[in-house]
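How does the following fold in three dimensions:
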Amino acid sequence: MKINFSYDLLIIGGGISASVFASKHLQNNIKKKIALIEVGRGLGGRSSTRISKRFKGWKLNHGAPNFNICNSKGNLLLKNYIDELLENKFIKVDDSELIFLCDENKLESVKKSEFISGNSYLSSFSMSELSQKIIDLNNFNGRVDLFFETLIVDLKFNNNEWTLTSMNGDIFKSKYLICSTNLLSHKRSLKILNIDKIPLRKAIPINEDKKIDLLLNFLDKQLFIPRLTFLIYTNENYSYKDFYSRKYRYFYLKKSLENKYKFERIIFQLQENNKLGIVVHTKNIDFINSYVNSKNEDLFKQKIFKNFNTLFEGNPSVNKLNANEEISIMKWRASQPTGCAVPLSLQFSRKYQIGFCGDWFEGEGFGRIEGSILSALLLEEKFKTQSNNFLSI
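Sure, this is the predicted structure:
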């Protein structure tokens with residue numbers, strides 16, 4: 001049965017950017033009613049947590065298990081917000097061991113990489129729970145409704161009102177719209193949604209709004225890094241060779257090793273049940289395509305175990321995996337943006353009552369959580385200051 005919903009504000013996407021925006025917006029608009037619409041099973045976006053239905057008691061952060069903040073320009077909005085998260089004990093400094101695998105026989109503490117810059121922080125909870133805690137901080141009287149496993153396939157803007165239609169036919173209406181995901185604004189949506197026109201362009205024809213035209217032009221040039229993530233649920237006897245008691249242990253592969261073994265990074269995650277979960281990331285296109293085209297998933301999983309065991313053969317910290325370890329494979333819909341970043345000046349269209357935030361905007365946080373948080377904070381500031389009428393009545 002199709003259902004019609006009406007809200008003061010709609011947010012598409014459930015990543016950390018959407019969570020930060022929703023929380024900050026509610027702080028200034030305590031009577032507003034918000035719907036946050038997410039295609040996945042929970043909050044977090046690329047910083048999500050897989051709580052397995054099959055394997056009880058496991059919580060694996062399968063995207064970004066932590067986040068790093070550079071803020072080299074000393075943005076006070078960002079600094080104050082990180083301080084707020086620290087004061088509320090939502091996050092803490094990440095002092096986990098970082099190892100850079102240079103070759104089969106050499107280990108080196110990592111100093112710099114695309115994943116390690118500035119100050120690194122760890123959620124005091126799982127990454128998905130962090131997003132929920134951020135929303136709950138200002139969600140008095142349950143002003144935010146969360147819709148999961150809900151894919152928006154059509155957008156319309158008529159008579160100063162947005163109408164969104166989900167794949168199952170539900171209708172969401174609101175005067176204002178926030179897109180924290182750029183899926184519905186990018187040409188990759190055509191293949192994913194099996195449609196012939198970008199949903200945002202369908203809602204806003206060309207030459208109707210210069211900002212929207214520019215935003216879509218920038219996004220047309222933006223590329224994405226697809227990834228596969230392998231979630232390994234080790235058996236109760238699996239442990240490190242050495243003594244290590246912290247929650248995480250990160251291994252990063254030098255390019256030559258990444259090309260050889262197909263793995264980008266490997267993150268060990270100590271669970272509440274004291275078992276060790278292992279999350280392996282790959283962005284190797286040939287490896288991803290071999291999985292997509294594979295007719296035998298078990299054979300592909302054996303290849304993952306073989307590469308893992310060969311990579312860590314002789315390693316003083318890591319034991320080999322046995323054939324009876326459980327593994328699940330995730331193919332990401334939310335890929336990391338790269339290349340052309342969207343200018344922050346295009347975040348907000350007053351004419352169409354729409355705002356945008358996420359890690360796909362320009363700045364040193366481009367493609368990272370830092371960019372997601374900062375863009376959400378900046379967008380909320382624009383909502384407050386651009387117009388006394390915008391989202392204030």
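
Run through this protein and note the low-pLDDT ranges.
1, 103-115, 333-334, 386-393 (pLDDT under 70).

for it, which residue is closest to the average position?
The centroid of the chain falls nearest to R46 when counting by C-alpha atoms, centre = their mean (2.0 Å).

Wait, that one touches Q336, no?
Yes. Taking C-beta atoms under 8 Å as the definition, R46 is a contact partner of Q336 at 6.8 Å. Quick note: C-beta positions are derived from backbone N, CA and C, even for glycine.

Run the chain-centre distance for the lengthiest helix in the chain.
Longest helix of the chain, by residue count under DSSP state H: helix 369-385. Between the centre of helix 369-385 and the centre of its chain there are 16 Å (C-alpha atoms, centre = their mean, to the nearest Å).

on contacts alone, who are the packing partners of that helix?
With contacts taken as 3 or more C-beta pairs under 8 Å, 6 or more residues apart in numbering; DSSP states H and E, helix 369-385 sits against helix 16-28, strand 66-69, helix 76-87, strand 348-349, strand 354-356.

do that again at 6 Å, thanks
Under the contact criterion of 3 or more C-beta pairs under 6 Å, 6 or more residues apart in numbering; DSSP states H and E, helix 369-385 touches helix 16-28, helix 76-87.

got the angle for the shortest one vs helix 369-385?
On the basis of axes from the mean of the first three to the mean of the last three C-alpha atoms, to 10 degrees, helix 76-87 is oriented at 110 degrees to helix 369-385.

Helix 76-87 vs helix 16-28, what angle?
Orientation note: helix 76-87 sits at an angle of 90 degrees relative to helix 16-28 (the same axes, to 10 degrees).

what's the next secondary structure element after helix 76-87?
Counting by DSSP states H and E, the next helix or strand C-terminal to helix 76-87 is strand 91-93.

buried residues in whatever helix or strand comes next after that next one?
Per DSSP H and E, the first helix or strand lying C-terminal to strand 91-93 is strand 97-103. For strand 97-103, a neighbour-count test (16 or more other C-beta atoms under 10 Å) marks 98-101 as buried.

before we move on, back to that, hey, which of the helices and strands packed on helix 369-385 is tucked in deepest?
Of all these, helix 16-28 has the most neighbours on average by mean count of other C-beta atoms under 10 Å, namely a mean of 25.

In terms of secondary structure, what does that one contact?
strand 34-37, helix 127-136, helix 369-385.

Reformat the ones you listed as TSV; add mean neighbour count.
Listed next are these as TSV, based on neighbours: other C-beta atoms under 10 Å:
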stretch	mean neighbour count
strand 34-37	24
helix 127-136	23
helix 369-385	22
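
for those, which one sits closest to L215?
Set against L215 and scored by C-beta to C-beta, the helices and strands packed on helix 16-28 come closest in helix 369-385, at 12.8 Å.

And the contacts of that closest one?
Helix 369-385 has contacts (C-beta atoms under 6 Å, 6 or more residues apart in numbering) with 16-17, 20-21, 24-25, 67, 69, 77-78, 81, 347-348, 355, 357-359, 361, 363, 365, 390-391.

ok, now stretch 60-73?
46-50, 78, 82, 94, 117-122, 127, 229, 231, 267, 277, 279, 330, 364, 369-370.

quick revisit: so which of the helices and strands packed on helix 369-385 is nearest Q271?
helix 16-28 (22.4 Å).

between that closest one and helix 127-136, what angle do the directions make?
Counting by the same axes, to 10 degrees, helix 16-28 lies at 20 degrees to helix 127-136.

And helix 16-28, how far out from the chain middle?
With C-alpha atoms, centre = their mean, you get 16 Å for helix 16-28.

Could I get the CA-only coordinates of that helix as CSV?
Extracted C-alpha coordinates of helix 16-28, given in CSV (Å, rounded to 0.1, in the frame of the first residue of the first chain):
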residue,chain,number,x,y,z
ILE,A,16,27.4,11.5,8.7
SER,A,17,26.8,14.6,6.7
ALA,A,18,23.0,14.2,6.8
SER,A,19,23.2,13.3,10.5
VAL,A,20,25.2,16.5,11.4
PHE,A,21,22.9,18.7,9.3
ALA,A,22,19.8,17.2,10.9
SER,A,23,21.1,17.6,14.4
LYS,A,24,22.3,21.2,13.9
HIS,A,25,19.1,22.2,12.1
LEU,A,26,17.0,20.8,14.9
GLN,A,27,19.1,22.8,17.4
ASN,A,28,17.8,26.0,15.7
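
What segments of the stretch 101-250 of the chain are helices?
Counting by DSSP state H, counting those that start in this stretch, the stretch 101-250 of the chain has helices at residues 127-136, 188-193, 199-203, 210-221.

Now distance to D170 too, for those helices, in JSON lines please.
Shown next, in JSON lines, are the helices of the stretch 101-250 of the chain (distance: least, C-beta to C-beta, whole Å):
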{"stretch": "helix 127-136", "distance to D170": "21"}
{"stretch": "helix 188-193", "distance to D170": "16"}
{"stretch": "helix 199-203", "distance to D170": "16"}
{"stretch": "helix 210-221", "distance to D170": "25"}
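
quick one: which of the ones you listed is nearest N289?
The closest of the helices of the stretch 101-250 of the chain to N289 is helix 188-193. By C-beta to C-beta, the value is 14.9 Å.

For burial, what's the neighbour tally of the residue nearest to E326 when sequence neighbours are not counted?
Closest residue to E326 apart from its sequence neighbours, by C-beta to C-beta, 6 or more residues apart in numbering: Y233 at 4.1 Å. When neighbours are defined as other C-beta atoms under 10 Å, Y233 has 20 of them.

For P343, see how far away Y233 is.
Using C-beta to C-beta, to the nearest Å, we find Y233 at a distance of 43 Å from P343.

Which parts of the stretch 101-250 of the chain are strands?
For the stretch 101-250 of the chain, the strands defined by DSSP state E, counting those that start in this stretch cover 106-109, 119-123, 144-147, 152-158, 161-166, 171-179, 223-225, 228-233, 248-253.
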